[in-house]
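# My questions are about this predicted structure, shown below with the sequence.
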4 protein chains.
Amino acid sequence: MGEGDIPGSVDPGRGRGRPPSARTEEAILRATVELLGERGIAGLTVEEVASRARVGKASVYRRWPSKGVLAFDAFMASFVERQPLPDTGTLRGDLLAALRGWVRTVRDPVTGRTLRGMVAEAQRDAELAAAWRQRFLEPVRARTSQLVTRAVERGELPRRVDAEVVLDLCYGPLYFRLLQTTERPLDGRFATVIVDTVMAAVEAGVLGGGRS
Amino acid sequence: MGEGDIPGSVDPGRGRGRPPSARTEEAILRATVELLGERGIAGLTVEEVASRARVGKASVYRRWPSKGVLAFDAFMASFVERQPLPDTGTLRGDLLAALRGWVRTVRDPVTGRTLRGMVAEAQRDAELAAAWRQRFLEPVRARTSQLVTRAVERGELPRRVDAEVVLDLCYGPLYFRLLQTTERPLDGRFATVIVDTVMAAVEAGVLGGGRS
Amino acid sequence: MGEGDIPGSVDPGRGRGRPPSARTEEAILRATVELLGERGIAGLTVEEVASRARVGKASVYRRWPSKGVLAFDAFMASFVERQPLPDTGTLRGDLLAALRGWVRTVRDPVTGRTLRGMVAEAQRDAELAAAWRQRFLEPVRARTSQLVTRAVERGELPRRVDAEVVLDLCYGPLYFRLLQTTERPLDGRFATVIVDTVMAAVEAGVLGGGRS
Amino acid sequence: MGEGDIPGSVDPGRGRGRPPSARTEEAILRATVELLGERGIAGLTVEEVASRARVGKASVYRRWPSKGVLAFDAFMASFVERQPLPDTGTLRGDLLAALRGWVRTVRDPVTGRTLRGMVAEAQRDAELAAAWRQRFLEPVRARTSQLVTRAVERGELPRRVDAEVVLDLCYGPLYFRLLQTTERPLDGRFATVIVDTVMAAVEAGVLGGGRS
DNA sequence: TCGTAACCGAGACGGTACGTCTGGTCTTTTT
DNA sequence: AAAAAGACCAGACGTACCGTCTCGGTTACGA
């Protein structure tokens, strides 16, 4: 069929047999992105992905252990690159930029629906749950850590502050509204209230030791 | 078959024809509770519910539009009654009691898994999503409103505080940990940090006007 | 609902409770005739009969043991009355009249389809099979016997002729074409061939003793 | 799963994809034959066939459009091979052999019941009706044609005789008794009467021109 | 240069659950 | 006690996907 091999793939192994085709992988991801937009993750079926990508089902299962992880891969590339690490010089500025960026990304209907579906699907797909934690939450946590570390260095925060709690306090309310309500607005104002709340807690020394 | 009618049902209507049997409804709910414990909501099937309840599938579909709503009904009764409305005399005490009660309930493995599954299922089942908002979130919101109202009356909070934001700030982080991580603890300490954060924001006047 | 009782019904009994309603029975039969025309006997359901007759299902089952027998009753009245007993003065004339009359009746699409369906349904419904034999075949047999008896009296047939064999030889080929083919014509010419065949057998003394 | 392909199948096509498995087809037919014997065609369900054959339901529906056609296929193989084409040297001998062979086969209770059910089912299943005409009646017609042709060549019959009428006259009465009565015998004597009747008609020139 | 290992698209495989439908029965209120 | 209404249990229907397994064939490595 005349296909090239994947340049920087998972198993770099000096394999014996025919190497996996990059074109197959791309076709699958492209079809998945399209179908996520059309049907959402719940309506996604491996069968339809394969047929739209003009690919055998086995070629999908050879690469991804479940439709959840496949959807995750298709979704992440575009999602993460839309969340640049802010560096505004103040903790408040950084948090505001991060949360408002998230809100802006998620207000796109397809993105919002897919993110909701991803969290949901992770409750029933252990493979996806693992990928979610290692390849999504962990990076987010690392980035938040960086913001916090910079703030500590600037003397805005006490040394012993728990970056993970900051993360939960910031993103928790956002995901809560994303997942559980349609009535209450998920907008920049809400993001601001969250940041103000966290900053007030910081000021009060709730999240670390005493007042910085 | 010797079945009684439903005492305080929805449609009281002096209906014609054989009324729905209370014993059928009870058997279905009992079977659903059992199976939720054994398999979780994702592994729940209407087929098995019906067969374990010794009931026709049609009798299930006659009452519930989807397995999500069925699971919701089976779950709610026991969940809500384990969340009594606290009245400790201070806002901080009320919030602490509410959140710690939630944490305690949710640390039961079956309850936690079911609650997670319910939020997830609501992303794919519109009927469940509607029931969730009207029959779960709305009562929770009303209860939180009451706490806030009492606090306003006591002068702990400014009059214009948004009770819904308080709710999101309190429960958001809890659900975030419940749904997204297994590593970080979902315990009383975490609940306390949340409440302290919200109280700091209250003190700082972030959630309403200035200090009351 | 304010209905009169049946004047000359089966159970004349000075009943205790509410007497069976003639209007109910008529409505059921009328609905059945309509639905036989619209859907055929295979597509007939007691549910739809009851709902169209604005009658409870139990009222149908109280009177008829199965949908087959119900259809039979609805069908027979009109079918039998269209098969008058011929008396032309010769056996050949009588047989020709009978077979041609049957053909004419059966060429009506609804009647033909229903008759086919009735024979078919009798293979799976024992109650209908019994009714069919006792209330349809037996009368037909008796009528044929009469034709044969008259022919014997006229000296056209030997005394020992078996009327049932005559019946099978005449109607067998007709039902065969009705049930098994759509290509070959079921018409007066075919009826004539059958009669000529039977008459030839009579002449040859095949159906009785020697030549009368 | 280790299955062979079908040796002499319909579509020999250089198919793509996994070819249908012969062992699956055999298992389905074997299960169908068993269940036809145990329950009859009316009691046959695709569900039970599949489960007894240890086969997915889809594998049944992939091959057969309805349970009628499936039953037909399961029935035909054994039925047709028990109806060898007679060649006794005379038309009377051939017809006698054919009809008596049919009677003998049909007197087996399972075979008789299945044949009855098949004719009945064909009234409600258009796919089966088509298969029945093309793959059962047509071969029978062709065989009868052959008997008649040989008789014509021997000068026993006029050239213009209609083989289809002969077929209807012979098999019509047999099917009539098979389907409509249980009281009158379906035996060799009845077969003989039928053949004698047809032969008398032949002698009398009823079925063709004058005597050849 | 050849064999073999891993890939490819296609599609059948054994399963399972879906939500609907019908059968024949049972229970309620009304007449 | 029979009426209309409609819920009851039971279980088959035909469809849709699941994740696996052939099939015939291609591609690239290593012997």
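Good, I have the coordinates. As the structure is a computational prediction, the values presented were derived from the model and not from experiment. Numbering: from 1, shown residues only, chains lettered A, B, ... in the order given.

# Dihedrals phi and psi, whichever residue of chain A sits closest to DNA strand E?
Closest residue of chain A to DNA strand E, CB to the nearest atom of the strand: residue A:17 (1.7 Å). Every residue, glycine included, has its C-beta placed from N, CA and C. Backbone torsions of residue A:17, given as degrees, to the nearest 10, read phi -80, psi -160.

# same check, this time on the one 4 residues further on
Per-residue torsions, residue A:21: phi -90, psi 130 (degrees, to the nearest 10).

# Can you tell me what sits against whichever strand or helix holds residue A:113?
Per DSSP states H and E: residue A:113 is located in helix A:109-122. Identification of contacts with helix A:109-122 by CB atoms under 8 Å, 6 or more residues apart in numbering or on different chains yields A:36-37, A:40-42, A:68, A:71-72, A:75, A:79, A:105-106, A:128-129, A:132, A:175, A:178-179, B:119-124, B:179-180.

# Give me the mean pLDDT for it.
The average of the pLDDT scores along helix A:109-122 is 97.

# What angle do helix B:109-122 and it make with each other?
Angle of helix A:109-122 versus helix B:109-122, following axes from the mean of the first three to the mean of the last three CA atoms, to 10 degrees, is 150 degrees.

# just checking, what packs against the next helix-or-strand element following helix A:109-122?
Next in sequence after helix A:109-122, counting helices and strands by DSSP H and E, comes helix A:126-132. Judged by 3 or more CB pairs under 8 Å, 6 or more residues apart in numbering or on different chains; DSSP states H and E, the packing partners of helix A:126-132 are helix A:67-81, helix A:109-122.

# Looking at chain A, what residue ends up closest to DNA strand F?
Taking CB to the nearest atom of the strand, chain A has residue A:18 as its residue nearest DNA strand F, at 3.2 Å.

# That residue is in what secondary structure piece?
Applying DSSP H and E, one finds residue A:18 in no helix or strand.

# Repeat that for residue A:179.
Residue-wise, residue A:179 maps onto helix A:163-180 under DSSP H and E.

# can you give me the angle the very next helix or strand once past that helix makes with helix B:163-180?
Going down the chain from helix A:163-180, the next helix or strand is helix A:188-204, by DSSP H and E. Here the directions of helix A:188-204 and helix B:163-180 differ by 80 degrees (the same axes, to 10 degrees).

# For helix A:188-204, which outside residues touch it?
A:91-92, A:95-96, A:99-100, A:102-103, A:156-157, A:161, A:166, A:169-170, A:173-174, A:177, A:184, A:207-208, A:211-212, B:165, B:168-169, B:196-198, B:200-201, B:203-204, B:206-207.

# from those residues, which would you call buried?
Neighbour-count burial (16 or more other CB atoms under 10 Å in any protein chain shown) is assigned, among those, to A:91-92, A:95-96, A:99-100, A:102-103, A:156-157, A:161, A:166, A:169-170, A:173-174, A:177, A:184, A:207-208, A:212, B:165, B:168-169, B:196-198, B:200-201, B:204, B:206-207.

# domains for chain A, by residue range?
Domains of chain A are assigned by automatic domain parsing as A:22-63, A:75-204.

# Endpoints of the first one, how far apart?
One end of domain A:22-63 sits 11 Å from the other (CA to CA, to the nearest Å).

# Is it positioned near DNA strand E?
Yes. Residues of domain A:22-63 contacting DNA strand E under CB under 7 Å from any atom of the strand: A:24-25, A:27, A:51, A:53-59, A:62.

# So which of these is surrounded by the most neighbours?
Counting neighbours by other CB atoms under 10 Å in any protein chain shown, the top entry in the residues of domain A:22-63 next to DNA strand E is residue A:53, with 22 neighbours.

# which non-adjacent residue is nearest the residue nearest to the spatial centre of chain A?
The centre of chain A sits closest to residue A:136, judged by CA atoms, centre = their mean, with a distance of 4.6 Å. Take residue A:136 and drop its neighbours on the chain: the residue closest to it by CB to CB, 6 or more residues apart in numbering or on different chains is residue A:76, 6.6 Å away.

# could you measure the one you found against residue B:181, distance?
18 Å (CB to CB, to the nearest Å).

# Check residue A:68 too.
17 Å.

# Looking at the two, which one has more neighbours?
Taking other CB under 10 Å, residue A:68 and residue B:181 do not tie; residue A:68 has more neighbours (25 against 18).

# list the contacts for that one?
So residue A:68 contacts A:41, A:118, A:121-122, A:124-125, A:127-128, A:131 (CB under 8 Å, 6+ apart).

# Same list, the residues you listed, but as a markdown table with neighbour count please.
Shown next, in a markdown table, are those (neighbours: other CB atoms under 10 Å in any protein chain shown):
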| residue | neighbour count |
| --- | --- |
| A:41 | 27 |
| A:118 | 23 |
| A:121 | 26 |
| A:122 | 24 |
| A:124 | 18 |
| A:125 | 21 |
| A:127 | 16 |
| A:128 | 24 |
| A:131 | 22 |
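
# mind putting the residues you listed in TSV, distance to residue A:47 included?
Shown next, in TSV, are the contacts of residue A:68 (distance: CB to CB, whole Å):
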residue	distance to residue A:47
A:41	15
A:118	20
A:121	17
A:122	22
A:124	18
A:125	17
A:127	19
A:128	18
A:131	22
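
# between those residues, which is nearest residue C:142?
residue A:124 (71.2 Å; CB to CB).

# tell me the phi and psi of the closest one?
phi -120, psi -10.

# so it makes contact with residue B:39?
No. Residue A:124 is beyond contact range of residue B:39, at 11.2 Å (criterion: CB atoms under 8 Å).

# Low-confidence ranges, chain A, go.
A:1-14, A:209-212 (pLDDT under 70).

# Could you find the closest non-adjacent residue to whichever residue of it sits closest to chain D?
Here chain A gets closest to chain D at one residue, residue A:56, 9.0 Å apart by CB to the nearest CB. Distance criterion CB to CB, 6+ apart; nearest residue to residue A:56, sequence neighbours excluded, is residue A:50 at 6.3 Å.

# Give the burial count for the one you found, as a bare number.
Around residue A:50 there are 19 residues (other CB under 10 Å).

# That'll do, ta.
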